[in-house]
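Chemist: The following block contains a protein sequence and its predicted model.
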Amino acid sequence: MKRLLSTTFCAGLALTAVAAPLAAEEKTLSDVEVKTDLSAFENSNALEFWPTLSEDIGEAIASELTIDDQSGEPRIVVAINKVAINGETTLPDTGEFNQLEGTITTFPAKGAANTETGDSSSATGSYALKVSATSGEVDVPENWIVIPPSQGDFYEALTNAYAMEVVERIED
């Protein structure tokens, strides 16, 4: 039997399984802002490979809920602060990574008293979120053709997994 070193495909299947129940729950926020600040790691080169990381995660989050700035619902700020491969923040020449870390902070709706700046004193909640993909051997049935995921597939699986976890943790 052939062996395949990848769990990205499995992660994609897991995301599909998670997405179906979430679609049934309609969640609303007044705003979602995603920032990427990797300055804590002076050798980080992730944004050279993935300059649209913030936008991609923001779009993935927004695709799973309703954004209504007039709703009076809370808003969130997602701050990505580490992109790494096996803990190393200097990505290889291929740009591959398997870890995303950040902080999600909840604020009252925009326009509510003292919340326009988004400073931490007006936050109503905050938590750290780490998402990691691991590789492992997977048995491949005989006579199957295996197509390993591309770099873009891996990127999409990680950014979507991060976004789905943010959405899942939003309180109704």
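Modeler: Thanks, I have the structure now. Just so it is clear, the structure is predicted and the values come from calculations on it, not from any experiment.
Chemist: what are the bridge partners for Ile80, then?
Modeler: When bridges are called by DSSP bridges, Ile80 pairs up with Thr36, Gly102.
Chemist: quick one: it and Ser39, what's the gap?
Modeler: Plainly put, Ile80 is 12 Å away from Ser39 if you go by CB to CB, to the nearest Å. In this view, the C-beta of every residue, glycine as well, is placed from N, C-alpha and C.
Chemist: Tell me which of those two has more neighbours.
Modeler: Using other CB atoms under 10 Å, the more surrounded residue of Ile80 and Ser39 is Ile80, with 22 against 8.
Chemist: Show the model's pLDDT score for the more buried one.
Modeler: According to the per-residue confidence, Ile80 scores 97 in pLDDT.
Chemist: and if you look at Ala11?
Modeler: pLDDT recorded at Ala11 is 39.
Chemist: Tell me the helix or strand right after the helix or strand Gly58 falls within.
Modeler: According to DSSP states H and E, Gly58 maps onto helix 53-62. The first helix or strand that comes after helix 53-62 along the chain, using DSSP H and E, is strand 66-67.
Chemist: and stretch 62-73, how far from the chain's centre?
Modeler: Offset of stretch 62-73 from its chain centre (CA atoms, centre = their mean, to the nearest Å): 18 Å.
Chemist: Quick one: residues in contact with stretch 45-65.
Modeler: Taking CB atoms under 8 Å, 6 or more residues apart in numbering as the criterion, the residues outside stretch 45-65 that touch it are 19, 22-23, 26-29, 32-36, 38, 78, 80, 83-84, 89-91, 95, 97, 155, 159-160, 162-164, 166-167, 170.
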